[in-house]
Every structure is written in structure tokens, then in C-alpha cells.
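K.L.:
fold the following and give me the result.
(one chain, ligands or ions: 1)
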Amino acid sequence: MNGRGTIHSAVAAFEIPSVIKLSHMVRRPRPRIALSKREILRRDDYTCQYCGRKMRTLTLDHVVPRRLGGPHTWDNLVAACSACNRRKGGHRPAEADMLLHRAPFEPSPTAAYRFGSHLEQRQEWAQYIEGW
Ligand SMILES: [Zn+2]
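P.N.:
Residues are numbered from 1 along each chain as shown. Reported below is the predicted structural model:
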């Protein structure tokens with residue numbers, strides 16, 4: 001399978017491979033998904049966790065507000081549209097009479113989660129990604 005472009009040595013050019021086979025297993029600790037707004041929106045499938053609307057421009061909401069000691073962590077952050085974020089204000093969801101669609105969680109860093117978004121352009125990877 002060919003990747004994009006070529007690698008040049010002094011005298012030759014090689015297609016960049018899309019898949020390489022290692023001759024022995026390289027064990028390394030599973031990385032955690034870095035906490036960021038981009039990853040929260042991706043985990044929540046770009047869907048407001050209060051009203052269920054799907055959109056590209058979303059805000060981050062601290063489920064338990066920071067002023068009440070809510071941490072900046074995977075299990076206290078959700079995607080929220082700006083209307084829901086304004087409505088909720090600095091309150092807990094129940095205080096604002098709002099319900100979460102799904103309890104927030106830290107995504108497990110499976111290959112399917114980490115590389116799934118690349119598979120549209122890299123179909124040849126699918127056979128190597130467990131759970132795809
Ligand atoms: Zn909303």
C-alpha cells in the first residue's frame with residue numbers, strides 16, 4: 001500500500017508505505033487521550049449533551065461548575081451549545097432543570113477511537129484495528 005509521497009535517498013526514491021510490518025512486537029504503555037476541547041467535542045460526537053443538537057460550534061460546560069469546585073476533568077466536562085451553556089449558567093444541571101444525555105467519561109485509548117477518524121482515507125488500516 002502506498003502512503004502519500006516518496007522518500008528520497010541519495011540515489012533512489014521509495015514510495016512512503018501506509019502500513020509497515022515490524023519484525024518484533026514493540027511494547028509500550030497505552031497512552032491516555034489528552035484532555036482538550038477538541039477531544040471532548042469528538043467524544044460527544046459534536047452534540048450538545050443537554051439539548052441533543054449536533055453542531056460544529058460548541059462550548060465546553062463544566063457539569064459541576066468551577067465555582068462549586070467542579071474539576072477540569074473528563075468526567076466533569078461536556079459539549080454544550082451556547083444557548084444551553086447560558087441557560088445552565090453557574091448551576092448544576094438539576095438546579096437549572098436540565099438533564100445530561102449521557103454521563104461524561106474518559107474515553108479509552110483504543111486504536112479504533114484514536115485512529116477511527118483516519119479510516120475514511122485509509123481503508124487498508126481497518127483490518128489491523130481491533131474493534132473496527
Ligand atoms: Zn444545547
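K.L.:
and the chain, which residues reach the ion?
P.N.:
When proximity is defined by Cβ under 5 Å from the ion, the chain lies next to the ion at 48, 50-51, 81, 84. C-beta here means a position set from N, CA and C on the backbone, and glycine is covered the same way.
K.L.:
which of these are buried, as a PyMOL select command?
P.N.:
A single PyMOL command is used to select the members of the residues of the chain next to the ion judged buried by 16 or more other Cβ atoms under 10 Å:
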select buried, resi 48+50+81+84
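K.L.:
closest to Val19 among the residues of the chain next to the ion?
P.N.:
Sorting those by how near they are to Val19, with Cβ to Cβ, puts Cys48 at the top with 37.6 Å.
K.L.:
quick one on the thing from earlier: can you add secondary structure and distance to Ala13 and give the residues of the chain next to the ion back as a markdown table?
P.N.:
Compiled in a markdown table, these are given as follows (DSSP: H, G, I helix; E, B strand; the rest coil; distance: Cβ to Cβ, whole Å):
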| residue | secondary structure | distance to Ala13 |
| --- | --- | --- |
| Cys48 | coil | 49 |
| Tyr50 | coil | 54 |
| Cys51 | coil | 53 |
| Cys81 | coil | 50 |
| Cys84 | helix | 54 |
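K.L.:
now for the residues of the chain next to the ion: which two are most distant?
P.N.:
With Cβ to Cβ as the measure, no two of the residues of the chain next to the ion lie farther apart than Tyr50 and Cys81, at 7.6 Å.
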